[in-house]
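*Asks:* A structural model of the following input is requested.
(2 chains)
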Amino acid sequence: MGILEVKGVGKRFGGLQALGDVNLSVQENTVHAIIGPNGAGKSTLLNCLVGKLIPDTGSVMFDGQSVLGRKPHEINQMGISRVFQTPEIFGDLTVLENVMIPCFARRDGAFRLHAIGSVKSEKGIMEMAETMLADVNMLEKRNMHAASLSRGDKRRLEMAMCLVQEPRLLLLDEPTAGMARADTNNTIDLLKEINEKRNITMAIIEHDMHVVFSLAERITVLAQGTPLVEDTPENIKGHPKVREAYLGEAH
Amino acid sequence: MLGLNKKDSTLLLIVAVLALLAPFILNPFPEGSSLAQFNAGYPDLMQRFVIFGIFAIGFNILFGLTGYLSFGHAAFLGVGSYAAIWMMKLLTLNVIPAIVMSIIVAGLFALVVGFVSLRRSGIYFSILTLAFAQMSYALAYSVLTPITGGETGLQLKATDRPLLSNLAEGEIGRASLFGVDMRTSFELAVGDWLWTFNMGYYIAAVVMLIAFYVSMRIFRSPFGMMLRAVKSNQQRMNYTGLNSKPYTLAAFVISGMYAGLAGGLMVAMDTQVGPERMFWTASGEVVLMTILGGAGTLIGPVLGAGLIKYMENIISKINSGILHEWFAFLPDGLEDALVFMVYPFIGKGWHLTLGIVFMLVVIFLPGGLVEGGQRIARLFRKKKADTPSDKDPEHHPKPTPHVAE
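*Replies:* Have a look, this model is predicted:
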């Protein structure tokens, strides 16, 4: 049994069947990539996992519990963190504050009226955030406004915000989309490091084959809303069905 | 001091000193001089400075921190006022129960309005709050006349017999604090100068200082940080395991309570209330105050409230006779021409002046008066030394939208 079990998930937008009948099982402590051509339903699937969309059919179980019908913040509190295609951070806040917020969320839950105590007196939270920033080599930037960071640093910060929660499953939505080659390689190194050091289960949605084959241990290929194959990277590389899906039937 | 860092303590101290010495500071010109009309140190206006200061401080907790622009905050002020006057009519002429009641009632009303309005954000939220406020105004104006006194509003009357106050037959009650009349004033004359120290003003000023201190603590608290997170990126907040709804609702209720407090204090000063206090222009005024002073800054809203109330009371007093006096040294034709040009901006035209000031501030100082102050301070600091400043990162006016990429 995997930590994330997706069974028979389907989603229809008007006349478009975005997801047909998706079955997926992500095993604990692996890096699982979901690939597929444009419009294959990768993002729709991800949105069904985090509570942004509710599938029409099927079930999504995380660690034995259903995530369907739960709000995004409840799903996050269950242990699923998400990295977005374009980094979603708190631009008006400082880098340190950006990392402190998930620390508060982890300690105090979804809401706590903590209106009189000072942020500066929260030593434990501050230390936790600073340790995390040191881990991703951003400690010296802790007082900068997050909006003024470079694209790569924003990605790094968003990753730190997710990791500091010690999630049981990290979902990454095209983490290298629109990045230059050097940034892409940095991100790959960062993810490799995270995987080795922290042993976090990851599910990556990705376009870039270079990224996928450098990281993934299992790969699911999605085409037109249904999974074509699920296998190891070695087997996927030469698989005729995959070539067909990516290059078209004429080849 | 009091759980604040050094910089905030200094700010609080400066505000406290300014508030206590306001009767001197606002009356810099001797009585009878031609500049005496610019004196603002009379009790009625000073009370309004601090009461609208409280209103704007509370509004800033919602608008400045979460970015939710409420266009109906005057409704809470009005509801607080009605609650306060009923306490004085029925229970006691002491202002403390009246003020406490106004905070509670306004808070409960804000809970209801906020619960409904916060289902939407952006312009839809603003319109919902505006609709609520206008409904409250309409109710107070006509439907609820037995409770609100309709168009004429409510005043203390000779027929009012508060339970805990001993009034002689036919005597009209006066607001008091443990027997001390709020209208008690002490006048100090030195040479041509005249300074008035008013009981009501000092009570309102102390309440304003407490309100300012509480808002400082909220700004620096984890709760305040969460509210800034709501403004910055609600999506990230939800995907970080935080429920943004109760945070915004709490901010809405707190700022509603501040508005109720301001309404209660108004009644404590003049013991009357009318529905026009809830009219939408009153809601708009607090928005102007906050933006003019600097939304999201600590002291900005108080400065904005002061500036608007000063202009409303001082500029509107200038008439064409005074203008002719000012320009009397010029040749007749030129004098008439100048008076003709300036006249639309004074007296009843003070709104025109306010509009121009507002436009200039929004265009050139998007961070409000506080940003203006910071720019001046930076100029001086640069002249002194080119060392990097250790500014508090929490106390920034928000970066201007058109500059941010």
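*Asks:* ok, then the element right after the longest helix along chain B?
*Replies:* In chain B, with assignment by DSSP state H, the single longest helix is helix B:244-270. Counting by DSSP states H and E, the next helix or strand C-terminal to helix B:244-270 is strand B:272-273.
*Asks:* and that following strand, what does it pack onto?
*Replies:* If you count contacts as 3 or more Cβ pairs under 8 Å, 6 or more residues apart in numbering or on different chains; DSSP states H and E, strand B:272-273 packs onto helix B:74-90, strand B:154-155, helix B:244-270. The way it works is simple: take the backbone N, C-alpha and C, and place the C-beta from them, glycine included.
*Asks:* From the contact counts, what lies against the last one?
*Replies:* Think helix B:244-270. Using 3+ Cβ pairs under 8 Å, 6+ apart, helix B:244-270 is in contact with helix B:43-66, helix B:74-90, helix B:95-117, helix B:199-220, helix B:222-232, helix B:234-238, strand B:272-273.
*Asks:* buried sites along the longest helix of chain B?
*Replies:* For helix B:244-270, burial by neighbour count (16 or more other Cβ atoms under 10 Å in any protein chain shown) applies to B:244-245, B:247-269.
*Asks:* follow-up on the earlier one: any chance of the helices and strands packed on helix B:244-270 in a markdown table, plus mean neighbour count and mean pLDDT?
*Replies:* Converted to a markdown table, the helices and strands packed on helix B:244-270 look like this (neighbours: other Cβ atoms under 10 Å in any protein chain shown; pLDDT from 0 to 100):
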| stretch | mean neighbour count | mean pLDDT |
| --- | --- | --- |
| helix B:43-66 | 26 | 94 |
| helix B:74-90 | 28 | 94 |
| helix B:95-117 | 21 | 96 |
| helix B:199-220 | 21 | 94 |
| helix B:222-232 | 24 | 95 |
| helix B:234-238 | 20 | 94 |
| strand B:272-273 | 21 | 92 |
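*Asks:* Minimum distance to residue B:282: which of those has it?
*Replies:* Distance to residue B:282, taken as Cβ to Cβ, is lowest for helix B:74-90 among these, at 3.6 Å.
*Asks:* quick one, the closest one and helix B:244-270 angle?
*Replies:* Here the directions of helix B:74-90 and helix B:244-270 differ by 50 degrees (axes from the mean of the first three to the mean of the last three Cα atoms, to 10 degrees).
*Asks:* Let's see helix B:74-90 as PDB, backbone CA atoms only.
*Replies:* Extracted in PDB, the C-alpha atoms of helix B:74-90 (Å, rounded to 0.1, in the frame of the first residue of the first chain):
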ATOM      1  CA  ALA B  74     -19.200  53.900   9.800                       C
ATOM      2  CA  ALA B  75     -22.000  51.500  10.500                       C
ATOM      3  CA  PHE B  76     -20.100  50.100  13.500                       C
ATOM      4  CA  LEU B  77     -19.300  53.600  14.700                       C
ATOM      5  CA  GLY B  78     -23.000  54.400  14.500                       C
ATOM      6  CA  VAL B  79     -24.100  51.200  16.200                       C
ATOM      7  CA  GLY B  80     -21.600  51.900  19.000                       C
ATOM      8  CA  SER B  81     -23.000  55.400  19.400                       C
ATOM      9  CA  TYR B  82     -26.600  54.100  19.700                       C
ATOM     10  CA  ALA B  83     -25.600  51.500  22.200                       C
ATOM     11  CA  ALA B  84     -23.800  54.100  24.300                       C
ATOM     12  CA  ILE B  85     -26.600  56.600  24.300                       C
ATOM     13  CA  TRP B  86     -29.100  53.900  25.400                       C
ATOM     14  CA  MET B  87     -26.800  52.900  28.300                       C
ATOM     15  CA  MET B  88     -26.700  56.600  29.400                       C
ATOM     16  CA  LYS B  89     -30.500  57.000  29.000                       C
ATOM     17  CA  LEU B  90     -31.300  53.800  30.900                       C
END
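*Asks:* ok now that helix, how far from the chain's centre?
*Replies:* Computed by Cα atoms, centre = their mean, to the nearest Å, the chain-centroid distance of helix B:74-90 equals 17 Å.
*Asks:* Which residue ranges of the stretch 151-251 of chain A form strands?
*Replies:* A:169-173, A:201-205, A:218-223, A:226-231 (DSSP state E, counting those that start in this stretch).
*Asks:* Could you dump these into CSV and include mean neighbour count and mean pLDDT?
*Replies:* Formatted as CSV, the strands of the stretch 151-251 of chain A follow (neighbours: other Cβ under 10 Å; pLDDT from 0 to 100):
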stretch, mean neighbour count, mean pLDDT
strand A:169-173, 23, 93
strand A:201-205, 23, 92
strand A:218-223, 23, 89
strand A:226-231, 18, 85
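*Asks:* separation between residue B:322 and residue B:343?
*Replies:* Using Cβ to Cβ, to the nearest Å, residue B:322 is found at 11 Å from residue B:343.
*Asks:* Surely residue A:141 and residue A:149 touch.
*Replies:* Yes - the criterion here is Cβ atoms under 8 Å, and residue A:141 meets it with residue A:149 at 7.0 Å.
*Asks:* Overlap in contacts, those two.
*Replies:* Common contacts of residue A:141 and residue A:149, defined by Cβ atoms under 8 Å, 6 or more residues apart in numbering or on different chains, comprise residue A:95.
*Asks:* For the closest residue to residue A:188 other than its chain neighbours, the count of nearby residues, please.
*Replies:* In space, residue A:188 comes closest to residue A:214 once its chain neighbours are excluded; the distance is 5.2 Å by Cβ to Cβ, 6 or more residues apart in numbering or on different chains. Per other Cβ atoms under 10 Å in any protein chain shown, the neighbour tally for residue A:214 reads 16.
*Asks:* How much space separates residue A:214 from chain B?
*Replies:* Separation of residue A:214 from chain B (Cβ to the nearest Cβ, to the nearest Å) stands at 26 Å.
*Asks:* Where does the prediction get shaky in the stretch 51-200 of chain A?
*Replies:* Of all residues in the stretch 51-200 of chain A, none has pLDDT under 70.
*Asks:* Mind jotting down where the helices sit in the stretch 301-405 of chain B?
*Replies:* B:320-326, B:332-342, B:350-364, B:368-384 (DSSP state H, counting those that start in this stretch).
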